[in-house]
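> sequence and predicted model, in that order:
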Amino acid sequence: MEESRPRASRLWDYINRYHLREEDIRDLDSFKSSRVNHKLTLWNPGTNGVRYLKALIFNICSTLTEREWEKLKKIRGRDLGNPYAVIYNGETVCLDYLQTVFEINFIEKGVNLQGTSVIEIGAGYGRTCHALLSNYDISRYTIIDLRNALGLSRSYLKAVLDDQAYSKINFVEVDLFHEVSKGKYDLCVNIDSFAEMEERTVRLYLAFVDNCCGSFYVKNPVGKYLDMPVDGQKTENEVVAMAMETGIMRDVVDIYDNEAVLSRSGDFIAGYRPSMDWSCLDHGWARPWSFYWQALYRRR
């Protein structure tokens, strides 16, 4: 008789005993974000972050246009550094370079990138430079950054670019800012670093853009966030305090409310306009992160 009815596997017998106890399921107020639901329908984000990241990458890959795939494929050496990635249409794809493709798509709508001279303020490991030099005939590319960051971008770009493309790059430490402030550039790029600088430094760079550049692309958060349900006690209070002090967009925003994010877009556009001599050609949400905005400006 016992064999004629369904029974729990050893796994689910264990789950029922230790994760779906009566005391665990009595309170419906928060069970969907607890270990109860992590055994029913939702992988625990706390221990499955990489799985969610790869699922995000996979879903974004499914939306790419043929032209976007062409741009991505031209960027050779993307897998250097062992990124978290998926394989889609035979290509290894990580989130960094998906964002880069979206960024250069946005820029090229308002700027003719062929033969352009570019300066990037804060280049990280150099993904934007890598993508632009791989897809366009950039005349010269200047990166201004802190010494250690420059060491990384110099090594990375040397490894992924051919000699001809690499020879177009000029690496400048921030202490030598006076050198770049004497030049003229068709396009200035800042991605995700103005929000981490002192306001005084951001203003200094915006004045430089106003004096020395013809176009300006910026992508940064629309504000600050305090995400205690996610961060919990993992982040030291001192580090949080330092982060809240930086940038020019310092109001706290509900980053998971699209209307709250959109309401800050006007301040973003006004705040990053180098001066009234500049027009905003285009702006919009910078996917996939909910609280990032992007704008492209041109001198009038």
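Cool, got the structure.
> residue boundaries of the strands in the stretch 151-300 of the chain?
Along the stretch 151-300 of the chain, counting by DSSP state E, counting those that start in this stretch, strands occupy 169-173, 185-191, 213-221, 278-285, 292-299.
> can you pull the buried residues of stretch 203-221?
205-206, 208-210, 212-221 (16 or more other Cβ atoms under 10 Å). For glycine as for every other residue, the C-beta is placed from the backbone atoms N, C-alpha and C.
> what does stretch 26-38 give?
34, 36, 38.
> hang on, the last one packs against Lys32?
Right, His38. No - counting by Cβ atoms under 8 Å, no contact exists between His38 and Lys32, whose distance comes to 9.5 Å.
> any idea how far Ile57 is from the residue nearest to Thr100 when sequence neighbours are not counted?
Among residues not flanking Thr100 along the chain, Ala131 sits closest, at 4.4 Å (Cβ to Cβ, 6 or more residues apart in numbering). According to Cβ to Cβ, to the nearest Å, Ala131 and Ile57 sit 17 Å apart.
> re the thing from before, nearest to Tyr272, of the strands of the stretch 151-300 of the chain?
Closest approach to Tyr272 among the strands of the stretch 151-300 of the chain (Cβ to Cβ): strand 213-221, 4.8 Å.
> got a list of contacts for that closest one?
103, 106-107, 110-111, 119, 184-195, 209, 247, 249, 255, 268, 272, 274, 278, 286, 289, 291-299 (Cβ atoms under 8 Å, 6 or more residues apart in numbering).
> swap in stretch 25-37?
19-20, 24, 42, 44, 229.
> looking at those residues, which has the most residues close by?
Using other Cβ atoms under 10 Å as the neighbour criterion, His19 leads the contacts of stretch 25-37 with 17 neighbours.
> Asp13 is in contact with that one, correct?
No - with contact defined as Cβ under 8 Å, His19 does not reach Asp13; the gap is 11.2 Å.
> good, we can wrap up now.
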